[in-house]
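Q: Sequence and computational prediction follow.
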Amino acid sequence: MYDYAAGKMDWFAAGLPREGSAASTTRIADRARAEVLTAAPDDEVETVTGRLVDGEILVVVNGERVVLGVVTAESLEEANGRSVDRFMQEAPTTYRPHTAADEVAEWMRADDAHTHVLVTDPGGHLLGVAHRRDVEGSESGS
Amino acid sequence: MPTSLDRDGVQELLERDAQLVDVLGARAYEQEHIPGAINIPLAELPSRVERLRQDAPVVVYCADSL
């Protein structure tokens, strides 16, 4: 006997087929972008500011791609000569890939500052980022 | 003690006609499961395992690792 230890959430997070009455529900993983700007915590600000545009976020990750925090272009203004970890928002809100997109959209509507959401696996490894415009566009009837 | 598999390992075994068993409750299984999986809740597994085919590998899974 074998044990698929990571479970069905791992299967679904990989975009593999699923069956059942809730199988057609749009998940946040369906709306997340895998291509994400990332940086190490000790990267200097100057190495990342040119890559970060207004309205976007950069995710600070460790060597195993575990999320440590996020930074925005605004948070890095006048921050030259220092490492990004000094300006990051620590412990950002994250969602598992299988979370219903409607649930995430509701969280985003609760605060205008909720413009992005990080999607991670149970170990905190970064899988993608979902932007508000992509999440709200996925709501039922949209 | 079952042998732990990752996703690639599961897919390889499925190509060898493995039996996939969802050990969650019936409701969770009905809502969403991996295609081809049958549902045997974990508490019932010991009494029903002998009813599985003996000529093919059996892969059990839950929701996730936590």
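A: Yes, it's here.

Q: What residues does chain A have near chain B?
A: Selection of chain A residues close to chain B by CB under 8 Å from any CB of the partner chain yields A:1-12, A:14, A:16-23, A:96, A:122. C-betas here are computed from N, CA, C, even on glycine.

Q: now the strands for the chain?
A: Went with chain A since none was named. Residue ranges of the strands in chain A, as given by DSSP state E, are A:2-4, A:38-39, A:57-61, A:67-72, A:89-90, A:94-95, A:116-120, A:126-131.

Q: wrong one, chain B
A: Using DSSP E, the strands of chain B run over residues B:3-5, B:19-22, B:38-39, B:58-61.

Q: Look at residue 45 and report its pLDDT.
A: I went with chain A, as the question did not name one. You'll see A:Val45 listed with a pLDDT of 87.

Q: actually chain B
A: B:Leu45 carries a pLDDT value of 91.

Q: In this structure it contacts B:Asp22, no?
A: No. Counting by CB atoms under 8 Å, B:Leu45 stays clear of B:Asp22, with 10.8 Å between them.

Q: Same drill for these two, tell me which one is more crowded.
A: Neighbour totals were compared for B:Leu45 and B:Asp22, and B:Asp22 leads with 25 against 15 (other CB atoms under 10 Å in any protein chain shown).

Q: Please go through chain A and pick out the longest helix.
A: Using DSSP state H, we find that the single longest helix of chain A is helix A:101-109.

Q: angle of it against strand A:116-120?
A: Relative orientation of helix A:101-109 with respect to strand A:116-120: 140 degrees, computed using axes from the mean of the first three to the mean of the last three CA atoms, to 10 degrees.

Q: ok, now how distant is B:Pro35 from A:Lys8?
A: Per CB to CB, to the nearest Å, B:Pro35 is found 11 Å from A:Lys8.

Q: Name the residues linked to the residue lying closest to B:Tyr29 once chain neighbours are set aside by a beta bridge.
A: Of all residues not flanking B:Tyr29 in the chain, B:Asn39 sits nearest, at 4.0 Å (CB to CB, 6 or more residues apart in numbering or on different chains). With DSSP bridges as the criterion, B:Asn39 is bridged to B:Asp22.

Q: In contact with residue 4, which residues?
A: In the absence of a named chain, this looks at chain A. A:Tyr4 sits next to A:10-11, B:5-7, B:9-10, B:59-61 when contact means CB atoms under 8 Å, 6 or more residues apart in numbering or on different chains.

Q: Oops, wrong one, chain B.
A: Applying CB under 8 Å, 6+ apart, the residues near B:Ser4 are A:2-3, A:5.
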